[in-house]
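Chemist: model the following, please.
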Amino acid sequence: KQASDSPQIDQHSATFVLLMRELGILYALTGQPQPAADAYSVVFDALQQPEKFGLDLKTKTRLLADAQTSYERIGQVLLEGERLELASKAFELAAKSGRAGAGNLAFYQALFGEKPPTLGEAAVRRHFVAVSTNLGEVTRFGIDPDNAFAFWDWVGGRFSVWSAIGLPLALAIGFDNFQRFLAGAAAMDAHFFETPAEHNLPFLLAALDVWNTDFLGADNRACLPYSQSLELLPRYLQQLEMESNGKRVGRDGRDAGCATAPVLWGEPGTNGQHAFYQLIHQGGRLIPCEFIACREADFPLPGHHDKLLANCFAQAEALMRGKTADEARAEMAAAHMPEAVIERLLPYKVFPGNQPSTTLLLPRLDPHGLGQLIALYEHKTFTLGAIWNLNAYDQWGVEYGKQLANRLLPILEGRARPDGLDSSTAGLIAYCRRS
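Modeler: Predicted coordinates:
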C-alpha cells in the first residue's frame, strides 16, 4: 500500500504507543484518554492540559478493545513512518502465536493484507520498540535488540511507572517533566525512609487503614479526588492496593488472622455527590473516605475552584459532625416550617456522623506533585503488607484466573470437549457456541 491510500493522521499526535498485555489485549496510545488501571494513565490524564506546565503532550491514552480497530490504527501508523512501542513484562506474544522471527502472522496480515514475509519483518525492525524483562522473546518476535529497553524482572507491573515502562510517559510530557515526576517520587522516598512514624505520611495512611479495617470493622474505603484531572486515580489505586494486599495468607504461609485490604472504590467528588454520597451519609454503613484536593486551581475558571474546595471540605465536615434531631428541628423551625411538616421530615434530616475521613491537600497538580502522590500510595501499600505480614508483590489470585482461562479457551474455540466443567460454566460456554 502507498501512504497516500491511508487516512491522514492528526499531526498533533505524532507519537503512538502500543501496549501489549499478557492476554494479547491491544492498547494503542492515541486519541482521547479512556479508563485504565495504570500509574502512567493517571499521569497522562492529570497532565492533559499542556498550557498549565508548558508541556508538549503528543501522546494520549486510548483503549482500542476491538482488535480490528487496533490493527487498522497500527497499520496507519506504520504507513506514516511512526514508531510503536510494545510494552510487556514477559513478552509472550511470539511464544503464544507459535511463530518466531516473523512474530504474529495474523498481526502482519491485518497490517498488510496478503503478507509478504520480508515486509512484515522489516516493518517490525524499523518501526517497533520494545520494553520488557524478556529480551530473548523480544528478539524472537522480530524486534531489533538495539530497539529494546530492559527493566528488572522483580519490578511488579503496578509499581513499574518509574522504570523503562514509563517510556510513553516520558515521551508524552517531555523528559524534563519526567525527571520532575521522578524527583517528586524521590522526595517521598526520602520522607518515608527518614521521617519518624508520627509524622510519616505513608505510615499514617497505613495505620488509619489498619484502624478502620481491623478495629472499627470497615470493609471498604472511598477515594474521592476533588479534581477531574485525577479521575483515574481511584481505578489505579484499586489495582495497587487490592492486588497487592487483597490476601488472607501471610508470608509465613499461615492465615493472616485479620481482615486485610478493604474494598477500594471511588469517583471524582462532584460526580460522587450526585451518585453515592447519599449512601455514605445516611446508608448505615461505615465507609472511611479519603478526600484529595489541590490548593491551586486546575483550570482558569473564575470562582470555580473555591466552590470545589468548599464542597470538599463541607463533605468531610458533614461526615464528622452529622446532624442531631435537635439541630434538624431548630433548622426547620428557623425556616418557619409548620410543626406537622417538621415532625414528618425530622427522621430524614438526621445524620449520624462520626464517619472517619482523611483529606490530602496538594499544593498543585504538576509532575513533581503527582510523583509524590503515587509514591505515597506505593509506600503506604508496602507498609500495610509489612503490618499484615503479606507479600505485596505477588498476585496468586490473578494467576489462577489466567490458568482457568487457558483451559477454557480451547473449549470456546471448539478444539476441546467441555468435560469436567461445572454446570454453570458448561452452560455459559454452550450458549456462546450456539450457531
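Chemist: alpha carbons of stretch 213-224, as PDB, please.
Modeler: Listed in PDB are the C-alpha atoms of stretch 213-224, where the atom choice follows Å, rounded to 0.1, in the frame of the first residue of the first chain:
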ATOM      1  CA  THR A 213     -10.400  -2.100  58.900                       C
ATOM      2  CA  ASP A 214      -9.300  -4.300  61.900                       C
ATOM      3  CA  PHE A 215     -10.600  -2.200  64.800                       C
ATOM      4  CA  LEU A 216     -13.700  -0.300  63.500                       C
ATOM      5  CA  GLY A 217     -14.700  -3.100  61.200                       C
ATOM      6  CA  ALA A 218     -14.900  -1.200  57.900                       C
ATOM      7  CA  ASP A 219     -14.600  -3.400  54.900                       C
ATOM      8  CA  ASN A 220     -14.200  -0.700  52.200                       C
ATOM      9  CA  ARG A 221     -12.800   2.700  51.600                       C
ATOM     10  CA  ALA A 222     -13.800   5.500  49.200                       C
ATOM     11  CA  CYS A 223     -11.200   7.500  47.300                       C
ATOM     12  CA  LEU A 224     -12.700  10.900  46.400                       C
END
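Chemist: mind listing residues that contact that stretch?
Modeler: By CB atoms under 8 Å, 6 or more residues apart in numbering, the residues outside stretch 213-224 that reach it are 209, 212, 233-234, 237, 258-260, 262-269, 272, 276, 280, 286-292, 315, 356. Every C-beta, even on glycine, is put in place using the N, C-alpha and C of the backbone.
Chemist: buried stuff in the one helix or strand Tyr236 maps to?
Modeler: Counting by DSSP states H and E, the secondary-structure element that holds Tyr236 is helix 233-237. Across helix 233-237, burial judged by 16 or more other CB atoms under 10 Å covers 233-237.
Chemist: what ranges does the chain have for its strands?
Modeler: According to DSSP state E, the chain carries its strands in the segments 17-20, 26-29, 84-87, 128-132, 148-150, 220-225, 263-265, 289-294, 357-362.
Chemist: compare the mean pLDDT across those strands and name the weakest.
Modeler: In terms of mean pLDDT, the lowest-scoring of the strands of the chain is strand 26-29 (a mean of 34).
Chemist: where does the protein have low pLDDT?
Modeler: Under the criterion of pLDDT under 70, the regions of the chain flagged as low confidence span 1-37, 40, 48-87, 91-124, 126-127, 435.
Chemist: which strands and helices lie in contact with the longest helix along it?
Modeler: Assignment by DSSP state H gives helix 367-388 as the longest helix of the chain. Judged by 3 or more CB pairs under 8 Å, 6 or more residues apart in numbering; DSSP states H and E, the packing partners of helix 367-388 are helix 39-46, helix 175-194, helix 201-210, helix 244-245, strand 357-362.
Chemist: could you find the closest non-adjacent residue to Asp209?
Modeler: Spatially, and ignoring its direct neighbours in sequence, Asp209 is nearest to Leu384 (6.0 Å; CB to CB, 6 or more residues apart in numbering).
Chemist: okay, the one you found and Glu343: tell me how far apart.
Modeler: Taken as CB to CB, to the nearest Å, the spacing of Leu384 relative to Glu343 amounts to 47 Å.
Chemist: and Pro300, by the same measure?
Modeler: Computed as CB to CB, the Pro300 to Glu343 distance reads 48 Å.
Chemist: my read: Ile387 touches Phe203, true?
Modeler: No. Contact criterion CB atoms under 8 Å: Ile387 and Phe203 do not qualify, at 9.4 Å.
Chemist: so for these two, which sits in the more crowded spot?
Modeler: Under the criterion of other CB atoms under 10 Å, the comparison of Ile387 against Phe203 puts Phe203 first, with 20 against 17.
Chemist: next one: that one from Arg140, what distance?
Modeler: When CB to CB is applied, the distance between Phe203 and Arg140 equals 45 Å.
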